[in-house]
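> using only what follows, build the 3D model:
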Amino acid sequence: MLADCRRESETQIIYTALQSDSPPNTFKQDSGAETLAHWYPIPTVAFPDPTYLMSSEGLRKKSFKDIVRHFTPAWFAVTMGTGAIAILFHSFPYGNDTPAMKAMTLVFFFLNLALFTLFTIISITRYILFPDVWSLMIRHPAQSLYLGTFPMGGATLIVVATGGVFETYGFGGSKFVYALWAFWWLDVAISFICCWGVMHVMKTHHDHTLKSMTTAWLLPVVTLIVASSTGGVLAGALQEYSHDHAFLTVVVSAWMVTVGLSLSLMMLTIYLLRLIVHGYPPGLGILSSFLPLGPSGQAGFSILTLGQAFKQLLPLKYGQSTLLKSPSTPDTIEVICVTIAFVLWAYASMWILFALLGLQDAIRHGRLPFKLSFWSTIFPNGVYANLTLSLAETFDSNFFRIWGAIYSVATLLLWVSVVVPTVSLVPSGVIFDAPCLEERQTKIGNTRDLIIAVEDHLV
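Numbering: from 1, shown residues only. Now for the predicted structure:
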């Protein structure tokens, strides 16, 4: 009889545990009975730490089905970083017109396209085969933030396709440009959903504190900035076919970068307070210190590009607006945009120093185990290098040109240093790690320990 009661209780409590965010010692049976913790309190087990990778479960080779189940949105940070490298090859100031540099741009573009397509297929398969994972991922305070990496990874493809494929080789003509424009509007829509949707979930379903804050909070917001910079690049190709379509793209992009940059600066102010009050994030969290380069560097590039686009599209030859028809308006807007871009470059440079100081402090206190989060450092550094190279072209400055080239090479080396361990860990499946699933499994394990303890106590 006791065994039957135990089995019934286990079924009921495990079911309730899976529905609850509460610790195992507070789970209630559906009948409304007294909690088992009141009969026999059991301490909860801590969530898995980085040593999980060295455990027997962490070292066990995952099946393909396990890999799909543990395939998180954070993998799209790989496409962001790879896309940033393709952009740097295209904009590199030395020898970028040579066949070798053009070929490298295409190599990274097609590699990025293949990765993006593969990751998208795996992600769709994941949520079809395991529909419950979507809810777990959305409610996870860290994993859900990485949904923004999907539209940002796609945006890098549009940028390189515009500059490295269409403008360099004239591929596809107007049909290709308008296909990219259609993909850009899709990217804009997804960026809006990620920004407002994820931020709404953060406010209504997540439990965030100042101490637990990292710059990963920026990921849903930066989607608007990245989409705006893509629009600025695409407008240059569009204006050859339609002035109105190009102007619409620039105006929408200007609005997006304004909203995205405003939200980013608000969050970075909070993050600076977090650093002063609580110090740098522990462990691998220190890598997030490089993320501020993303909104500042990409916003600077976006605003600089939009200023150049406005100069080409203005003054208007129709309408009644005196401002938009004035011959002095294009130059004025460009000067303002260049100034803002330089300010954002300086702002990003400040965050580089903060990040490097924090990184050396973390390394002094212990070795950082390799995880997928290392990929989050490549795109921010890449967009900072790209902004530097763009300013070099604007100012015709040797300082910006040399510094941008050095930083581009350093970013490429960083990409290589992250690719090598990633590739080595893929066959075993160790790198495929979904924290939301691990925490759920820990919750189940804690509940089962509680049931066993109660049975022993009753016996």
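> what mean pLDDT would you report for the helix or strand that contains residue 182?
Assessed by DSSP states H and E, residue 182 sits inside helix 173-192. The average pLDDT within helix 173-192 is 97.
> then stretch 333-346?
On average, stretch 333-346 scores 98.
> now do stretch 309-321
Here stretch 309-321 scores 92 as its mean pLDDT.
> which outside residues touch that stretch?
232, 235-236, 239, 243, 246-247, 250, 324-327, 329-331, 333-334, 337 (CB atoms under 8 Å, 6 or more residues apart in numbering). For every residue, glycine as well, the C-beta is placed using N, CA and C.
> go with 10 Å
Residues outside stretch 309-321 that contact it (CB atoms under 10 Å, 6 or more residues apart in numbering): 231-236, 238-239, 243-244, 246-247, 249-251, 253-254, 322-337.
> among those residues, name the ones in helices.
231-236, 238, 243-244, 246-247, 249-251, 253-254, 322-325, 329-337 (DSSP state H).
> where does the most centrally placed residue in the chain sit, in terms of helix or strand?
With distances taken as CA atoms, centre = their mean, residue 149 lies nearest the centre of the chain, 3.6 Å away. For residue 149, the element it lies in under DSSP H and E is helix 149-160.
> counting by contacts, list what the helix or strand where residue 363 lies packs against.
Following DSSP H and E, one finds residue 363 within helix 329-364. Helix 329-364 is packed against helix 243-278, helix 293-313, helix 322-325, helix 378-395, helix 398-425, with contacts defined by 3 or more CB pairs under 10 Å, 6 or more residues apart in numbering; DSSP states H and E.
> ok so, going back, out of the ones in helices among the contacts of stretch 309-321, which are buried?
Burial by neighbour count, judged by 16 or more other CB atoms under 10 Å, picks out 231-236, 238, 246-247, 249-251, 253-254, 324, 329-330, 333-334, 337 from those.
> in which helix or strand does the nearest residue in space to the residue nearest to the centre of the chain that is not next to it in sequence reside?
Spatial nearest neighbour of residue 149, excluding adjacent residues (CB to CB, 6 or more residues apart in numbering): residue 76 at 3.7 Å. Element membership for residue 76, per DSSP H and E: helix 76-91.
> and that helix, how far out from the chain middle?
Offset of helix 76-91 from its chain centre (CA atoms, centre = their mean, to the nearest Å): 13 Å.
> what of stretch 407-418?
Distance of stretch 407-418 from the chain centroid (CA atoms, centre = their mean) equals 18 Å.
> mean confidence score for that stretch?
Here stretch 407-418 scores 97 as its mean pLDDT.
> with only the CA atoms kept, save it in CSV.
In CSV, the C-alpha atoms belonging to stretch 407-418 read as follows (Å, rounded to 0.1, in the frame of the first residue of the first chain):
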residue,chain,number,x,y,z
TYR,A,407,41.6,45.4,-34.7
SER,A,408,40.2,43.6,-37.7
VAL,A,409,43.1,41.1,-37.7
ALA,A,410,42.7,40.7,-33.9
THR,A,411,39.0,39.9,-34.4
LEU,A,412,39.9,37.4,-37.1
LEU,A,413,42.3,35.7,-34.7
LEU,A,414,39.7,35.7,-32.0
TRP,A,415,37.3,34.0,-34.5
VAL,A,416,39.9,31.3,-35.2
SER,A,417,40.6,30.8,-31.5
VAL,A,418,36.9,30.2,-30.9
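> for that stretch, which positions count as buried?
Applying 16+ other CB under 10 Å to stretch 407-418 flags 407-408, 411-412, 414-415, 418 as buried.
> any chance of these in TSV with distance to residue 141 as columns?
Below are the buried residues of stretch 407-418 laid out as TSV (distance: CB to CB, whole Å):
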residue	distance to residue 141
407	32
408	34
411	29
412	33
414	27
415	28
418	25
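> of those, which is the nearest to residue 143?
If you rank the buried residues of stretch 407-418 by distance to residue 143 using CB to CB, residue 418 comes first, at 19.7 Å.
> re the thing from before, verify the stated contact: the residue nearest to residue 149 with residue 151.
Yes. Here residue 76 reaches residue 151: they are 8.8 Å apart, a contact under CB atoms under 10 Å.
> show me where this structure dips below the pLDDT cut-off.
Within the chain, the stretches with pLDDT under 70 are 1-60, 438-459.
> check the gap between the spatially closest residue to residue 261 that is not a sequence neighbour and residue 342 for me.
Leaving aside its chain neighbours, residue 261 sits nearest to residue 299 (4.5 Å; criterion: CB to CB, 6+ apart). Distance of residue 299 to residue 342, computed by CB to CB, to the nearest Å: 12 Å.
> so what sits against both of these two?
Common neighbours of residue 299 and residue 342 (CB under 10 Å, 6+ apart) are residue 387.
> more crowded one of the two?
Counted by other CB atoms under 10 Å, residue 299 and residue 342 do not tie: residue 299 has more neighbours, with 30 against 17.
> hey, which of the helices and strands packed on helix 329-364 is tucked in deepest?
Mean neighbours per residue, mean count of other CB atoms under 10 Å, is largest over those for helix 293-313, with a mean of 27.
> now the angle between helix 378-395 and it, please.
In terms of direction (axes from the mean of the first three to the mean of the last three CA atoms, to 10 degrees), helix 293-313 departs from helix 378-395 by 40 degrees.
> so helix 293-313 versus helix 76-91, what angle?
50 degrees.
> quick check: phi and psi on residue 98?
Dihedral pair for residue 98: phi -80, psi 150, per degrees, to the nearest 10.
> ok, it - contacts?
The contact partners of residue 98, by CB under 10 Å, 6+ apart, come to 92, 104.
> repeat that for residue 338.
Applying CB under 10 Å, 6+ apart to residue 338 gives the contacts 300, 303-304, 307-308, 390-391, 394-395.
> now swap in residue 422 and tell me
75, 78, 370-372, 374-375, 431.
> quick one: which of those residues is nearest to residue 138?
Residue 138 has its nearest neighbour among those in residue 75, at 16.7 Å by CB to CB.
> residue contacts, the closest one?
By CB under 10 Å, 6+ apart, the residues touching residue 75 are 115, 118-119, 122-123, 146, 149-150, 153, 372, 375, 422, 431-432.
> kindly recompute the last result at 6 Å.
By CB atoms under 6 Å, 6 or more residues apart in numbering, the contact list for residue 75 reads residue 119.
> same deal with residue 287?
Here residue 287 is in contact with 373, 377 (CB under 6 Å, 6+ apart).
> go again using 8 Å as the cut-off
359, 368, 373-374, 376-377.
> filter these down to the buried ones, PyMOL style.
In PyMOL, a selection of the buried entries from the contacts of residue 287 looks like this (16+ other CB under 10 Å):
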select buried, resi 359+368+373+374+376+377
